[in-house]
Structure formats: structure tokens, C-alpha cells
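Participant: Structural data only, the sequence is not supplied:
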């Protein structure tokens, strides 16, 4: 892989800003970065002139079901290639492939296919294809509340079961990174302890838990919340519920879908106001319709309809989104979030939650060369995934 040198107006690492900047990329990783007067440009390197742009880490999406007309549960190369290349156009360079509740054997087939794909793509793309890396799998279901299931098929929901989670983990070749659980369900505590012992992030989601039940889960080690506000018992001043527990615990990271549909802007401001900028993560919950026109699409085993960019099932319930993280970034900035903090919410913070912050979500020497180039109006002008792209 040839050495590349990227010249940009500035870099947001995102922990610091470097103006009139240069990034040297060798063998898919960042070899050097800094002001142009500080960096020795290797002879024969390919120059990439980014002009009046801001280079940021590639976005990290911890919750995405599909894009480009395909769903991750298809579990085949064609579908996953299309998903990963589609989101890369919008600056997302790492994703956690997220399943939706389905019959056990269907889920296992999907997990096996996703795992094969991940293992086959552990090295940078030899064909020079700029595509997001799938860094793990998120099981969104089946261990969720029937009351707060959203669009998850009720007939496929399952009681928390260590044996069933073991079956999923085995099918996924140990690549499960996140599991969503409704902590109020019977046997949830045992499942939580097994998942934590297996180094899986346990997330509160699709839950009707009251405040005490949510707090008990947090005390046991749960440290993440899936699409905060959505598919949760709502906050009430006498019954703060799971939302109250999330808002008041500084150790719990909280996903938010900043598409202007799932969560009102004022609610996002309340979330950030309560938790600060260090524990709120931008997530897409994107489905197959992401990057595609309105129409009918698959989400797992069922069909959804997209109209005006909004996804709903046959009951009229919201069914994921068509959000791309660059648009989410712009929406956060429009709400008054400083750009550096908005970038952190889409990059280093999700990378930290996944335990990959040394490689992903940051522009630093030794990190993967996963980069997004933003125009002054925060559109994506180009992307690089593990040293591939931009040229």
C-alpha cells in the first residue's frame, strides 16, 4: 500500500485542533501528523490536497441495521459490501452490525454470515475499496420487553437465557460487542453477569424498567443505553424510570438518534445538559433505506415503508431511520453543540465504549487511517478507511 500525505486546512483529532495540517499514512495507519512545517513528507508519497477542509476521524456507528438497500441480517458478502461502502460515502468508517429480533435459527445464520465477513475483511481492502469496517455485532433483541418492543416481532422475543446468548456468541465466532437487554425481565441479572464476564457491553434498551430496576442493572455493571428516550418507559417527575436513571448516572453512555424525528431537539439538549458531552453518543439506527430513495425495504424478516425519509412498519411505528452520521453531526451543531464536541460524539466516544479508542475514532500516530474530510458546511467531501480512499 503506497504512502499517502493528506494536506488539510485543519485536523480535529478530536481532542485537539491542528491548523494548516499534514497527515502521513503508511500501511493503513497514521504515521505522522502535525502542522505542515513540522512534518517531513516522505519522497514519492501520493499527495492528497484537501484544501479548505476539516479532517476528522471517521465516524463510528454502534447501532446500524443496514444501508444501500441491504440489511446486515442478510449476512452475505454482496449485502455487507453494499452496506459498508454506502456508509463510507457519508464518513462512517466503523460500524457495529446490529441485528433485529428474529427466530433463533435465522439469527444464528445471520450471525455466522456476518462473522465470516468480518474475519475475511480483517485486513485493509486489497482492491482499494473505501468501505467501513465491521468491528463487531450488536444483538438488539431478543431479550427485550414486549411492552417496549417497538417494531421487533413479538413472536420471536425470548426470555433472558444464558444458554441462548451462548448460542448466539458461538454463531458469531465471539464477535458480539453489544447486547441489548430489558433488565426488568426474569433472569436478566444472570444474563447480564454472563455477558459482562464475556467482555460484551450490556445496554439498557427496549425496556419498561422503573427507576429502581434500572439502577440495579447499572450497579451490576450495565453502562450503555440504546437509542435513549425511544422504546423506553418515559420520564415522569414521580416515576423517572429508566430514562431518569440514564440521565443521572455519569458512567452510562447514551445513544441518541439525532435525525429530527426520533427525538426532539429540546430533548437532546436536556440529555446533553444532564450528562455533558462525554457520555452521549451519536448513533444512526439506520436501516436498508439509508442512502436510498423512499420505498419498501426489509428490516430483518419484515418489511417497512419509507416515506419522506421516515421509516415505519405496517402498524405505523417508527422502524429505525435513514440517518447518516454526517447529517446527525450537522443536526447537533444546529442545536448549539460545538463542532469539536459533536465530532467527539460520533468518533472517540463510541470508540471508547467499544474498547477500540486506540485504533478508531481518533486521528493519532499509530491509529488506523480512518478519516472523513468535511467541507465548511460540514458535508463529507471524502473518506479514507484504513488507508484506502480519498485519492
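Facilitator: Received, thanks. Bear in mind the structure is a predicted one, so any value in this text is a computation, not a measurement.
Participant: mind showing which ranges of the protein have poor pLDDT?
Facilitator: Residues of the chain that meet the criterion pLDDT under 70 lie in 126, 391.
Participant: switch to 80 and redo it
Facilitator: For the chain, applying pLDDT under 80 flags the ranges 1-2, 41, 43-45, 47, 49-51, 123-128, 390-391.
Participant: need the longest helix for it.
Facilitator: Criterion DSSP state H: the longest helix present in the chain is helix 104-120.
Participant: So which other helices or strands are in contact with the helix or strand following that one?
Facilitator: Going down the chain from helix 104-120, the next helix or strand is strand 133-140, by DSSP states H and E. When contacts are defined as 3 or more Cβ pairs under 8 Å, 6 or more residues apart in numbering; DSSP states H and E, strand 133-140 packs onto strand 59-64, helix 77-88, strand 92-100, helix 104-120, strand 176-181. To be clear about C-beta, it is placed using only N, CA and C from the backbone, and glycine gets the same treatment.
Participant: please redo it, this time with the cut-off set to 10 Å
Facilitator: strand 59-64, helix 77-88, strand 92-100, helix 104-120, helix 162-171, strand 176-181, strand 201-204, helix 348-354 (3 or more Cβ pairs under 10 Å, 6 or more residues apart in numbering; DSSP states H and E).
Participant: out of those, which comes closest to residue 246?
Facilitator: Closest to residue 246 of the helices and strands packed on strand 133-140, according to Cβ to Cβ: strand 201-204, at 6.9 Å.
Participant: got a markdown table for the helices and strands packed on strand 133-140, with mean neighbour count and distance to residue 302 too?
Facilitator: Formatted as a markdown table, the helices and strands packed on strand 133-140 follow (neighbours: other Cβ atoms under 10 Å; distance: least, Cβ to Cβ, whole Å):
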| stretch | mean neighbour count | distance to residue 302 |
| --- | --- | --- |
| strand 59-64 | 30 | 18 |
| helix 77-88 | 22 | 16 |
| strand 92-100 | 29 | 8 |
| helix 104-120 | 18 | 12 |
| helix 162-171 | 17 | 20 |
| strand 176-181 | 25 | 18 |
| strand 201-204 | 26 | 22 |
| helix 348-354 | 24 | 27 |
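Participant: Now distance to residue 153 too, for the ones you listed, in CSV please.
Facilitator: Supplementary listing: those in CSV, determined by distance: least, Cβ to Cβ, whole Å:
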stretch, distance to residue 153
strand 59-64, 19
helix 77-88, 20
strand 92-100, 8
helix 104-120, 11
helix 162-171, 16
strand 176-181, 15
strand 201-204, 20
helix 348-354, 27
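Participant: Nearest to residue 377, out of those?
Facilitator: Closest among the helices and strands packed on strand 133-140, using Cβ to Cβ: strand 59-64, at 16.9 Å.
Participant: which residues in the chain form helices?
Facilitator: Assignment of helices within the chain using DSSP H yields the ranges 77-88, 104-120, 162-171, 188-197, 211-219, 241-248, 265-275, 325-334, 339-346, 348-354.
Participant: quick one, which of those is nearest to residue 7?
Facilitator: Using Cβ to Cβ, the helices of the chain put helix 339-346 closest to residue 7, at 19.8 Å.
Participant: so what secondary structure elements neighbour that closest one?
Facilitator: The contact analysis (3+ Cβ pairs under 10 Å, 6+ apart) places helix 339-346 against strand 4-12, strand 54-57, strand 59-64, strand 280-282, helix 325-334, helix 348-354, strand 371-374.
Participant: Go ahead and confirm residue 57 touches residue 346.
Facilitator: Yes. Between residue 57 and residue 346 a contact is recorded at 8.4 Å, counting by Cβ atoms under 10 Å.
Participant: So for those two, which residues contact both of them?
Facilitator: Among the neighbours of residue 57, those also in contact with residue 346 (Cβ atoms under 10 Å, 6 or more residues apart in numbering) are 14, 91, 361, 372.
Participant: Make sure the last one is actually in contact with residue 91.
Facilitator: Okay, so that is residue 372. Yes. Applying Cβ under 10 Å, one finds residue 372 in contact with residue 91, separated by 3.4 Å.
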